[in-house]
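Peer 1: Whatever this is, show me its structure:
(2 chains)
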Amino acid sequence: MADTPEPKPSDIDVLMIENPLDLTKENIDRIIAYTRKHIQMLEGGKGKAAAKAVDAEKPKIDVQKLLGAKIRASKPDAGPRRF
Amino acid sequence: MSAPSPFLPGTNIQFAWDSTSLGYFKNCAWLYKTFMIDGWVTRDESIHLRFGIEYHKTLEDFDRFRAQGLNHEDALRRTIRGAIERTIGWDPDPSTKAGKYKNRWSLVRSCVGYIDKFRADAAKTHILANGAPAVELSFKFELDWGPLDHIQSSSEQRRFYVLSGHLDRVVRLGEDLYVMDRKTTTSALGSYYFTQFDMSGQMTQYTLAGQVVINSPIKGVIIDACQLALEKPDGFERRITHRTPARLTEWLADLKVWLDVARHYAEEDVWPRNEQSCDKYGGCVMLEVCKAAPHIRGAILKSKYIQLPKEERWNPLKPR
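Peer 2: Okay, the predicted model is just below:
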């Protein structure tokens, strides 16, 4: 059987390897799905209570915790906000 | 490598201008001097700035991935991954208004909202002659006059003024080209909000710069604004502000006067306050300093503001 070249890792795969949070593609999909559902609930005019209901159906990874994670310090560039 | 100074050596005469520094100067010379020359910023400023940078970078990534041929979902996935990774450790103080509205969660939420809202976008990223998408384009070009023209005519050492900045994106809408600029705000996105851009020097400069970079006529700027909200969905609105060639010419003529005034103030080291601007943009960030007695202003600055080291101060020549 002829040798099959190793598949070239996509940029996403490289990012996944380098990602200290080790997020998988599915993790990112869940974050996006969660965000969309959150937006939809708010658009439905159901406000904070509805948003909390979405929180109750949160994906297995904790989005809020993830986005609040303190892994490494990062420093913003200096300067003003745009006019 | 650090960026070159936008000031003539040994002076406070700025020769390289972007819309931010020019906007500060036109608003108030004292505000300009405090920010551009002395490097004082508010503590909230770093949150606004970081959010602005990440918001623009995230949407720019998406535009780039789409222009490379990725479908909507794949481009979105890569974009959001990048945003999450870049902002690890960024933890704005939620007890401040800035931190409440601008944080990692609102970044992801607003970017997903924006990208989905304009999923079937009639505005298409312009492709440059070299095949690259016209996304986050830095520009820097010389004007045909300089800060020392009044005392120096030798063309050999003549220093010209430079206009610099960054364009989020150049798009084609129908037959016409526009610069696209993205804004975030906590204000309502009504006519009152968008009216400010009709005379905006930033939008005029972007139109002018777009024409230089693309080497084609640009009709104006498409403003995609996002209203960040807490307990309701973020709002998204698009409006166009047009600029005719006559208005560009007029703006350049005015600019010559403005830059002369800036040079004069720097030479004389006088920085008059413009009290007509104090209530703009929800109140000037330096209002607390200016309204205090002159002898305690220094103490207020030191206790409530941050003085950035020179290399971290706003610099129109700093590449992105």
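Peer 1: For residue B:100, see how far away the residue lying closest to residue B:86 once chain neighbours are set aside is.
Peer 2: With Cβ to Cβ, 6 or more residues apart in numbering or on different chains as the criterion, residue B:86 has its nearest non-adjacent residue at 6.4 Å, and that residue is residue B:54. Every C-beta, even on glycine, is put in place using the N, C-alpha and C of the backbone. The gap separating residue B:54 from residue B:100 is 16 Å, by Cβ to Cβ, to the nearest Å.
Peer 1: Settle it for me: which of the two has more neighbours?
Peer 2: Using other Cβ atoms under 10 Å in any protein chain shown as the criterion, residue B:54 and residue B:100 rank with residue B:54 on top: 21 against 16.
Peer 1: got a list of what that one touches?
Peer 2: Applying Cβ atoms under 8 Å, 6 or more residues apart in numbering or on different chains, one finds that residue B:54 lies in contact with B:83, B:86-87, B:90, B:107.
Peer 1: how about the residues of the stretch 1-150 of chain B that lie near chain A?
Peer 2: Listed as neighbours of chain A in the stretch 1-150 of chain B under the rule Cβ under 8 Å from any Cβ of the partner chain: B:19-20, B:23-24, B:35, B:39, B:41, B:45-46, B:48-50, B:52-53, B:76-78, B:80-82, B:84-91, B:103-105, B:108-109, B:112-113, B:116.
Peer 1: Return the members of the residues you listed classed as buried.
Peer 2: Among the residues of the stretch 1-150 of chain B next to chain A, the ones that count as buried by 16 or more other Cβ atoms under 10 Å in any protein chain shown are B:19-20, B:23-24, B:35, B:39, B:41, B:45-46, B:48-50, B:52-53, B:76-78, B:80-82, B:84, B:86-88, B:90-91, B:103-104, B:108-109, B:112-113.
Peer 1: related to what we said a few turns ago, can you tell me which one of the contacts of residue B:54 carries the smallest pLDDT value?
Peer 2: Least confident of those in the model: residue B:90, at 81.
Peer 1: Settle this for me: that one is touching residue B:102, isn't it.
Peer 2: No: look at residue B:90 against residue B:102 with Cβ atoms under 8 Å: they stay out of range, at 10.0 Å.
Peer 1: joint contacts of those two?
Peer 2: Common neighbours of residue B:90 and residue B:102 (Cβ under 8 Å, 6+ apart) are residue B:50.
Peer 1: For residue B:163, name its beta-bridge partners.
Peer 2: With DSSP bridges as the criterion, residue B:163 is bridged to residue B:17, residue B:141.
Peer 1: give me every residue that touches it.
Peer 2: So residue B:163 contacts B:16-18, B:139-141, B:143, B:205, B:208-209 (Cβ under 8 Å, 6+ apart).
Peer 1: So which of the buried ones among the residues of the stretch 1-150 of chain B next to chain A are in strands?
Peer 2: Those of these mapping onto strands are residue B:41, per DSSP state E.
Peer 1: So which of the buried ones among the residues of the stretch 1-150 of chain B next to chain A belong to helices?
Peer 2: Among these, the members found in helices (DSSP state H) are B:19-20, B:23-24, B:45-46, B:48-50, B:52-53, B:76-78, B:80-82, B:84, B:86, B:104, B:108-109, B:112-113.
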